[in-house]
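Asker: Below is the sequence, then the predicted model.
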Amino acid sequence: MRCVIARFPFDLTRSGVLESMKGVKPEPVTGESVIIGRRHYPVKQVGEVVTRQDRRDFSAGEVLRAMSRLGFTCRGLPGAAPARVDSPSQRASAMPGTPLPG
């Protein structure tokens, strides 16, 4: 599959990525990640190994798109719980003296 990462074209294959990542120890995952084999790798680490470019030269999104198109499972940033937003009518109907969720 042809993809562009950091303005450079790459012909990536699933088997080629698996071969490149063989024997590479995963760094701790703190953001987006890719599951390759049974291991969770940070997206930037995968991009660096596969493209042989510096991590600062490409975005995590570029690598996530390429890896998902190759069929790898990708995980985004761990999301915070969504903030509760009450409508004006819900606020008005709240019992007097009851604290509103903040």
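Answerer: In hand now; what should we look at?

Asker: so the residue lying closest to Val24 once chain neighbours are set aside is in which element?
Answerer: Nearest residue to Val24 in three dimensions, chain neighbours excluded: Val49, at 5.8 Å (Cβ to Cβ, 6 or more residues apart in numbering). C-betas here are computed from N, CA, C, even on glycine. Taking DSSP states H and E as the criterion, the element that holds Val49 is helix 43-51.

Asker: circling back: quick one: neighbours of the residue nearest to Val24, just the number.
Answerer: With neighbours defined by other Cβ atoms under 10 Å, the count for Val49 comes to 15.

Asker: do Glu19 as well
Answerer: 10.

Asker: That one belongs to a helix?
Answerer: Yes. Residue state for Glu19 (DSSP: H, G, I helix; E, B strand; the rest coil) corresponds to a helix.

Asker: Now do the helix or strand just after the helix holding Val49: which elements does it pack against?
Answerer: Per DSSP H and E, helix 43-51 leads on to helix 60-69 as the next helix or strand towards the C-terminus. Judged by 3 or more Cβ pairs under 8 Å, 6 or more residues apart in numbering; DSSP states H and E, the packing partners of helix 60-69 are strand 2-5, strand 33-36, helix 43-51, strand 73-75.

Asker: Would you convert the ones you listed into JSON lines that also reports distance to Val17?
Answerer: Below are the helices and strands packed on helix 60-69 laid out as JSON lines (distance: least, Cβ to Cβ, whole Å):
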{"stretch": "strand 2-5", "distance to Val17": "11"}
{"stretch": "strand 33-36", "distance to Val17": "7"}
{"stretch": "helix 43-51", "distance to Val17": "6"}
{"stretch": "strand 73-75", "distance to Val17": "12"}
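
Asker: Pick the most buried one from these.
Answerer: strand 33-36 (a mean of 22; mean count of other Cβ atoms under 10 Å).

Asker: Relative to that one, what are the paired strands and their orientations?
Answerer: According to DSSP bridges, strand 33-36 forms sheet pairs with strand 39-42 (antiparallel), strand 73-75 (antiparallel).
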